[in-house]
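Visitor: Give me a 3D structure for the following:
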Amino acid sequence: MLLDHLVLFVDDLTTAITRFESKGFTVTPGGTNGPTHNALIVFSNDTYIELIALQSSRARLILRSLRHIGVLALRRWLKRDLQTRLLDWMSGPQGLIDLCFRGTELNEISHSSPLSGIGLTDPVQFKRHRPDGLVVQWTLRGSNERRQPFFIQDATPIDYRIPAGDARTHPNGALGISEVRTGELIEPAVSNARIFQDSALQPGSMSVTIVSESDARDHIHGPEFFNADIHLFPKPLDQQKT
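Guide: Alright, predicted model coming up:
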């Protein structure tokens, strides 16, 4: 299994794009998917950070209000489905809120250990309209346990969803997500990144390390970066080219 991407939900997509570009990331417009639109920070190891927002600020305000008065909590109690998970994204605070894995047929995941003890939502098909007119299609399943990852299977070629070429070249030298720390134990394991529980983090929180080819070192965090906690570190010497 592989780490596919991290979800960073923001109030305003244009602002998020500008902020991350100011830190030396190449941000590629992703397109629209129902009420949302997104942009991608894609890395050379096929991982990426998805910046996603509701297209309507009014819809965002309504969903935040429904969360505040407990309506969405009631829905979560009554129905554990993928839509509930997405409503959590849309109604919650800005920040890194979810992680996605890929690499196994979705209809086989529920029979694999240790996921058989977690349970998965029914598969749901999605599509996104890219700015160049290309339509990207995929299927998702989510863990019934909200803090566990969700899973993706592409219905169109993967480079439709995760663009190649210049989109993966960043002025700050970023190469890919190497580590994700979370407030809970994440299952199953992935082979392309280190994901582990950090007892210092609150449940639902994530801290991300991105390696860089250059000597870039930065800590991207705080309200101005949408409550994200992202560390940019130089690639370890034993992994650098000789």
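
Visitor: Would you mind measuring from Pro35 to Arg60?
Guide: To Arg60, Pro35 is 9 Å away according to C-beta to C-beta, to the nearest Å. Every residue, glycine included, has its C-beta placed from N, CA and C.

Visitor: Could you tell me which residues touch both of those two?
Guide: Listed contacts common to Pro35 and Arg60 are Leu54, Met90; contacts here mean C-beta atoms under 8 Å, 6 or more residues apart in numbering.

Visitor: Please say which of these two ends up with more neighbours.
Guide: Taking neighbours as other C-beta atoms under 10 Å, Pro35 and Arg60 compare with Arg60 leading, 19 against 14.

Visitor: Which helix or strand contains that one?
Guide: helix 57-68 (DSSP states H and E).

Visitor: all strands of the chain, in order?
Guide: 2-9, 28-33, 36-42, 48-54, 95-102, 124-129, 135-142, 150-154, 174-182, 194-197, 206-212, 218-221, 229-234 (DSSP state E).

Visitor: you'd agree Val180 is up against Val208?
Guide: Yes. At 5.5 Å, Val180 counts as touching Val208 under the criterion of C-beta atoms under 8 Å.

Visitor: which helices and strands does the helix or strand of the chain with the lowest mean pLDDT pack with?
Guide: In the chain, the helix or strand scored least confidently by mean pLDDT, DSSP states H and E is helix 106-109, which has a mean of 74. Packing partners of helix 106-109 (3 or more C-beta pairs under 8 Å, 6 or more residues apart in numbering; DSSP states H and E): strand 135-142, strand 150-154.

Visitor: Other residues contacting the longest one?
Guide: By that I understand strand 135-142. 31, 81-82, 85, 106, 109-110, 120-130, 150-156, 160-161.

Visitor: now do the shortest one
Guide: Under the criterion C-beta under 8 Å, 6+ apart, residues 4, 82, 85, 98-102, 104-106, 109, 120, 137-143, 160-161 lie in contact with strand 150-154.

Visitor: hmm, which of those residues are the buried ones?
Guide: Neighbour-count burial (16 or more other C-beta atoms under 10 Å) applied to these gives 4, 82, 85, 98-102, 106, 109, 120, 138, 140-143, 160-161.

Visitor: mean confidence for stretch 179-192?
Guide: Mean pLDDT, stretch 179-192: 92.

Visitor: got the end-to-end distance for it?
Guide: One end of stretch 179-192 sits 9 Å from the other (C-alpha to C-alpha, to the nearest Å).
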